[in-house]
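> no letters, just coordinates:
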């Protein structure tokens, strides 16, 4: 399975957001999209999901043009995890997860026994079976994020696209979501996620793409791509990247003590 | 997964007494109200007489009971009760659909201008002194035309959130139609036409005949069939356009079908009774509190409660004082305080 974008221009109708973006994602790979607010991350993800049409360039899934897939065909292969949000109606977590089966349930049918099995299995995989009968409106933000991941997994997709899955989560829940991303990719899913924290890319990504002003300023493996220099260009602040031997990976954090307002631009 | 896990997965949610009882509230209330409504009125009929009349009707035996009772029961009360059931059910079903579609529990079937369009059609008919049938036809056509106009305008502005555009277009068209309506009221004959117009705008079951009921039945059936068939898809529409599409739902087509179905039912109902507000807003709300948001259970609950509620309100309308009170006044007078009570106390229905 390969999702590939070539020289992609994207945006909303009449408003260009980005151009010249090329990237690809393969089975078992985690691609992390980084960039400042307004850099076009969400728009790019929605374009790659086929929710908004590309302005120019091509997106292919296993070599076939994305626009030639029907909505249901696409939903069977690409799962979408939106940002955790407030819901309007108090569906139970079980009902929300079952909604992930939409593309595999007949137009006039409701989910059957097999669909309920799948829903239970993904709740089990994510360790949230205890939430099954709770109302989605009455659980915490972290639990909602897990529910939305479960719903996307219930699509039984090959690719998981996650829009800032760690946003609005507390410290512990952020780490839990990152752990899930890691175990899901080991189970053979391709994962494309956006995040505000470059440290998350070190923690879970095989490759990163840095989106700034609608274009990619760098892309590649985290250790080579995420440097003090590129992060400064991306966010306009000084960042320290360093190897932490206790946990055996690189970490990065803003070097606030050397922060200088005069240099931001 | 072990066998026990599989069983656990299938087991229904462990519901409290409220949830389990909730499913039975709607049918129980419906039956009680319908039975009551046959007995109450200007000519009271005792339960024994009512039972006798039914036995007589079933067996075809010559009756021992008063002919008047038979006439009141079958010629006066029955059509009226049936009209209340059908119209209340249609308005509640349309309301449940619109609330899901527009992801807002405060939405009523009027949101896309169906009532405004129907009102303008009917008032135009009254203004031109047309026969009743023509007034009804104009109301029906006006309701459909208003929503069609809103839908076309909404579809033309596609770059924005389609749901928001529809609501805003509905508000604008509704205001425009209300202006035309006001103009007709100013121009209307204040002694003959204006009272008729006012009466129509407040709704009533008094003038509904069996013929009226039969004439709107096809529209109601055509409207309710897609709602029943697509009941699970309706749940997906409550996620919003983008999320539903990401899950593989063709939202553009489905939204069009749902709007057409709900509009057809509302326009048909309103065309024979006049505008009856509040049912489409309040009833789906109560139904959701009783059986939850799943449309497969919400729709039948709303239909039963809506029918029962309108029949009950109509009993009050025809028995409280000497003259008949228009339904629109009662549904608002009963509905608004109850709605406020719900807002203040209930948290199960929505957030």
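That came in fine, so what should we check first? This structure is a prediction, so every number in the text was calculated from the model and none was measured. Numbering: from 1, shown residues only, chains lettered A, B, ... in the order given.
> when you work out contacts or count neighbours from here on, use the C-alpha atoms and nothing else.
Noted.
> what's opposite residue A:239 in the beta bridge?
For residue A:239, the beta-bridge partners under DSSP bridges are residue A:254.
> I'd say it and residue A:253 touch.
Yes - the pair residue A:239 and residue A:253 qualifies as a contact (CA atoms under 8 Å) at a distance of 5.7 Å.
> who's more crowded, the two?
residue A:239 (21 against 14; other CA atoms under 10 Å in any protein chain shown).
> how about the contacts made by that one?
A:228, A:231-232, A:252-255 (CA atoms under 8 Å, 6 or more residues apart in numbering or on different chains).
> and these, which are buried?
Listed as buried from these are A:228, A:231-232, A:252; burial here means 16 or more other CA atoms under 10 Å in any protein chain shown.
> narrow the residues you listed to those in strands?
Among the buried ones among the contacts of residue A:239, the members falling in strands (DSSP state E) are residue A:252.
> got a markdown table for the buried ones among the contacts of residue A:239, with pLDDT and distance to residue B:289 too?
Converted to a markdown table, the buried ones among the contacts of residue A:239 look like this (pLDDT from 0 to 100; distance: CA to CA, whole Å):
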| residue | pLDDT | distance to residue B:289 |
| --- | --- | --- |
| A:228 | 93 | 55 |
| A:231 | 94 | 51 |
| A:232 | 94 | 53 |
| A:252 | 92 | 49 |
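> closest one of the contacts of residue A:239 to residue B:161?
Distance to residue B:161 across these (CA to CA) is lowest for residue A:231, with 34.1 Å.
> ok, and the closest non-adjacent residue to that closest one?
Closest residue to residue A:231 apart from its sequence neighbours, by CA to CA, 6 or more residues apart in numbering or on different chains: residue A:239 at 6.6 Å.
> the one you found and residue A:183, how far apart?
For residue A:239, the distance to residue A:183 equals 28 Å [CA to CA, to the nearest Å].
> next up, the contacts around the residue nearest to residue B:260 when sequence neighbours are not counted.
Nearest residue to residue B:260 in three dimensions, chain neighbours excluded: residue B:223, at 7.6 Å (CA to CA, 6+ apart). Contact analysis of residue B:223 by CA under 8 Å, 6+ apart lists B:260-262, B:264-265.
> where's the residue in the stretch 201-350 of chain B positioned nearest to chain A, which helix or strand?
Nearest to chain A, among the residues of the stretch 201-350 of chain B, is residue B:248, at 3.9 Å (CA to the nearest CA). Using DSSP states H and E, residue B:248 is not contained in any helix or strand.
> quick one, grab the pLDDT at it.
Per-residue pLDDT puts residue B:248 at 95.
> residue numbers of the stretch 51-200 of chain A in contact with chain B?
Contact residues, the stretch 51-200 of chain A versus chain B (CA under 8 Å from any CA of the partner chain): A:51, A:71-76, A:79-80, A:82, A:87-91, A:99-103, A:107-110, A:113, A:116-117, A:120-121, A:133, A:137, A:155.
> strands along the stretch 51-200 of chain A, start to end?
All strands of the stretch 51-200 of chain A, identified by DSSP state E, counting those that start in this stretch, fall at A:56-61, A:64-65, A:78-81, A:159-162, A:190-195.
> quickly run through the sheet partners of the first one, with directions.
Each strand that pairs with strand A:56-61, with its direction, by DSSP bridges: strand A:2-12 (antiparallel), strand A:64-65 (antiparallel).
> how about the last one?
Each strand that pairs with strand A:190-195, with its direction, by DSSP bridges: strand A:30-34 (parallel), strand A:159-162 (parallel).
> out of those strands, nearest to residue A:66?
Using CA to CA, those put strand A:159-162 closest to residue A:66, at 13.5 Å.
> list the buried residues for the helix or strand containing residue B:142?
Taking DSSP H and E as the criterion, residue B:142 maps to helix B:132-156. For helix B:132-156, the neighbour count (16+ other CA under 10 Å) marks B:135-151, B:153-155 as buried.
> then stretch A:165-172?
A:165-167, A:169.
> nearest residue to residue B:69 other than its sequence neighbours?
Closest to residue B:69 by CA to CA, 6+ apart is residue B:45, at 7.1 Å.
> so that neighbour touches residue B:38, yeah?
Yes - between residue B:45 and residue B:38 there is a contact at 7.4 Å, judged by CA under 8 Å.
> neighbour count: those two, which is higher?
For residue B:45 and residue B:38, the more surrounded residue by other CA under 10 Å is residue B:38, and the numbers stand at 23 against 19.
> any idea how far that one is from residue B:80?
Taken as CA to CA, the span from residue B:38 to residue B:80 is 10 Å.
> now do residue B:21
Distance from residue B:21 to residue B:80, by CA to CA: 30 Å.
> ditto for residue B:98
Residue B:98 is 27 Å from residue B:80, by CA to CA.
> show me which of these two is the more surrounded one.
Taking neighbours as other CA under 10 Å, residue B:98 and residue B:80 compare with residue B:98 leading, 29 against 26.
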